[in-house]
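Enquirer: I would like the atomic coordinates for the input below:
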Amino acid sequence: MDLSNGSPVITDPMAMGQPLMGVLPSNMMPFSIMPGGYSSAGGAGVSVSRRKIEEVLVNGLLDAMKSSSPRKKHNVVFGQENLPEEDPAYSAWIQTKCPSALASFKQIVASAQGKKIALFLDYDGTLSPIVDDPDKAVMSPVMRAAVRNVAKQFPAAIVSGRSRKKVLEFVKLKELCYAGSHGMDIMTSSANYIHNTEKGKEANLFQPAREFLPMIDEVHFLFHSEANQLHPLSLVSKSLLEVTSGIEGASVENNKFCVSVHYRNVDEKDWKLVARLVNEVLEGFPRLKVTNGRMVLEVRPVIDWDKGKAVEFLLQSLGLSDSENVIPIYIGDDRTDEDAFKVLRERNCGYGILVSQVPKETEAFYSLRDPSEVMEFLNSLVRWKKHSI
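Expert: Now for the predicted structure:
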């Protein structure tokens, strides 16, 4: 479905009303660090050294990095990733916990009879393979065709941790909505953006963390004149770029409303150093927090907003919030996608689909192995829709 003509768009978070803003789950991940919280429990005057507390925080973050980032080799050729065919734990997981969305396709579409399907897609690891260099996570032509075709049949959106601009450059399709920075930068119609219509672009933007932009630039440490005017070098003691520059394999990516510290190519013996340095930088930014994803630490504003809230916002702003007549489907592979899975489960409406080759604890109802299975699922949706007309 081409959304360029658009339904009513909400550009003011206050216009969403208190019920929507109040009932959504927190955007705090299973593990997160918020600097500045060094007070002792109950205020009983228990003296705990700052160093010990920092060590607990760093060790906790390191544990989260290990648990969310299994060392698994990925073949960068699309559809040729190593599959755990002989893994009994995985087989048991898809049989009892998180069934294959392909094997369960008839059940999924049966529940959508007479209703609208709204589709939400993560990018990395979902529409493109996970690769060592984040800048090379390119969508294949066949996947782009599958996404274009499904977006012509259903309202669809990309919801990514990448910056909105970057994921739009990867996808290159005007038929979708785009939510970047974990849902903190939403454009409900990409057609105006692609055609460089500034007035139309601004009218369709929703950015609940706009006030944090200067702070994100500062913690990332952008070397351009505008950033230097906003934040003179004398005010910046440490930045993520500076502290990680000496760690082989580490890279820092500015995703506009969040900063990603990638450690996929870092030797595991240096992971604790990465965690420690990120934590030290954030001590100077009490309004920022760090959460963990697949081989990445995400530095984000401390606001009550996440991918789950982005999905709810998109459903409401596109006129699709009627849970009786709309079936949202969210497909993603990362821990940050769990917020969206949780929203759909709590709404008792729609399906979260986790992309994973290993068994995981998840709020998703179904699973797919890899991007090639995601493409197969999207193509199946298109065939089903055409046959049901």
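Enquirer: Tell me if I'm right that residue 315 and residue 329 touch.
Expert: No. With contact taken as Cβ atoms under 8 Å, residue 315 and residue 329 are classed as non-touching, separated by 11.8 Å. Every C-beta, even on glycine, is put in place using the N, C-alpha and C of the backbone.
Enquirer: Overlap of the contact sets of the two?
Expert: Taking Cβ atoms under 8 Å, 6 or more residues apart in numbering as the contact criterion, the residues that touch both residue 315 and residue 329 are residue 118.
Enquirer: check which helix or strand covers the closest residue to residue 175 other than its chain neighbours.
Expert: The spatially closest residue to residue 175, leaving aside those adjacent along the chain, is residue 151, at 3.9 Å (Cβ to Cβ, 6 or more residues apart in numbering). Per DSSP states H and E, residue 151 falls inside helix 141-153.
Enquirer: same check, this time on residue 329
Expert: Take DSSP H and E as the rule and residue 329 turns out to sit in strand 326-332.
Enquirer: what sits up against the very next helix or strand once past that strand?
Expert: Secondary structure here is assigned by DSSP H and E; on that basis, the next helix or strand after strand 326-332 toward the C-terminus is helix 338-347. Taking contacts as Cβ under 8 Å, 6+ apart, the residues outside helix 338-347 that touch it are 24-25, 27, 29-30, 120, 159, 306-312, 323, 328, 330, 332, 350-352, 354, 362-365.
Enquirer: who's in contact with whichever helix or strand comes after helix 338-347?
Expert: Counting by DSSP H and E, the element after helix 338-347 in chain order, helix or strand, is strand 351-355. With Cβ under 8 Å, 6+ apart as the test, strand 351-355 has contacts from 98, 101, 108, 122, 125-126, 327-333, 337, 340-342, 344-345, 360, 362-371, 373-374, 377.
Enquirer: Now with 7 Å, please.
Expert: Judged by Cβ atoms under 7 Å, 6 or more residues apart in numbering, the contacts made with strand 351-355 from elsewhere in the structure are 98, 101, 108, 125-126, 329-333, 340-341, 344-345, 360, 362-368, 370, 374.
Enquirer: still on that earlier bit, what is the helix holding residue 151 packed up against?
Expert: Taking 3 or more Cβ pairs under 7 Å, 6 or more residues apart in numbering; DSSP states H and E as contact, the helices and strands that helix 141-153 lies on are helix 371-388.
Enquirer: buried residues in the helix it packs on?
Expert: The neighbour-count criterion (16 or more other Cβ atoms under 10 Å) identifies 371-378, 380-382, 384-385 as the buried residues of helix 371-388.
Enquirer: Now render those as CSV, adding pLDDT.
Expert: Written out in CSV, the entries for these read as follows (pLDDT from 0 to 100):
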residue, pLDDT
371, 97
372, 97
373, 98
374, 98
375, 98
376, 98
377, 98
378, 98
380, 98
381, 98
382, 98
384, 97
385, 95
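Enquirer: Relative to residue 187, which of those is nearest.
Expert: For the buried residues of helix 371-388, the minimum distance to residue 187 (Cβ to Cβ) is 21.4 Å, reached by residue 378.
Enquirer: For the closest one, give me its contacts.
Expert: Under the criterion of Cβ under 7 Å, 6+ apart, the contact partners of residue 378 comprise 146-147, 150.
Enquirer: One more pass at 6 Å, please.
Expert: 146, 150 (Cβ atoms under 6 Å, 6 or more residues apart in numbering).
Enquirer: now the one 5 residues further on
Expert: Neighbouring residues of residue 383 by Cβ under 6 Å, 6+ apart: there are none.
Enquirer: switch to 10 Å and redo it
Expert: Each residue near residue 383 by Cβ atoms under 10 Å, 6 or more residues apart in numbering is listed here: 149, 153.
Enquirer: Equivalent analysis for residue 314, please.
Expert: With contacts taken as Cβ under 10 Å, 6+ apart, residue 314 has the following neighbours: 9-10, 118, 120, 155, 157, 159, 177, 179, 183, 186, 188, 206, 320-321, 328.
Enquirer: any weak-confidence spans in the protein?
Expert: Applying pLDDT under 70 to the chain picks out residues 1-53, 68-86, 190-203, 222-237.
Enquirer: Surely residue 349 and residue 323 touch.
Expert: Yes. Residue 349 sits in contact with residue 323 when judged by Cβ atoms under 10 Å, with a separation of 4.0 Å.
Enquirer: Show me which of these two is the more surrounded one.
Expert: It is residue 349, of residue 349 and residue 323, that has more neighbours when counted by other Cβ atoms under 10 Å, with 19 against 15.
Enquirer: Compute the distance between the more buried one and residue 375, please.
Expert: Residue 349 is 25 Å from residue 375, where distance means Cβ to Cβ, to the nearest Å.
Enquirer: which residues in the stretch 201-350 of the chain form helices?
Expert: For the stretch 201-350 of the chain, the helices defined by DSSP state H, counting those that start in this stretch occupy 213-220, 225-230, 240-244, 271-282, 307-317, 338-347.
Enquirer: for these, which one ends up most surrounded?
Expert: Neighbour counts averaged per stretch over the helices of the stretch 201-350 of the chain are highest for helix 307-317, at a mean of 25; criterion: mean count of other Cβ atoms under 10 Å.
Enquirer: list the helices and strands the strand holding residue 329 packs on?
Expert: The contact analysis (3 or more Cβ pairs under 10 Å, 6 or more residues apart in numbering; DSSP states H and E) places strand 326-332 against helix 105-110, strand 116-121, strand 156-159, helix 307-317, helix 338-347, strand 351-355, strand 366-368, helix 371-388.
Enquirer: so can I have JSON lines of these showing distance to residue 260?
Expert: Compiled in JSON lines, the helices and strands packed on strand 326-332 are given as follows (distance: least, Cβ to Cβ, whole Å):
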{"stretch": "helix 105-110", "distance to residue 260": "32"}
{"stretch": "strand 116-121", "distance to residue 260": "19"}
{"stretch": "strand 156-159", "distance to residue 260": "15"}
{"stretch": "helix 307-317", "distance to residue 260": "15"}
{"stretch": "helix 338-347", "distance to residue 260": "17"}
{"stretch": "strand 351-355", "distance to residue 260": "19"}
{"stretch": "strand 366-368", "distance to residue 260": "24"}
{"stretch": "helix 371-388", "distance to residue 260": "20"}
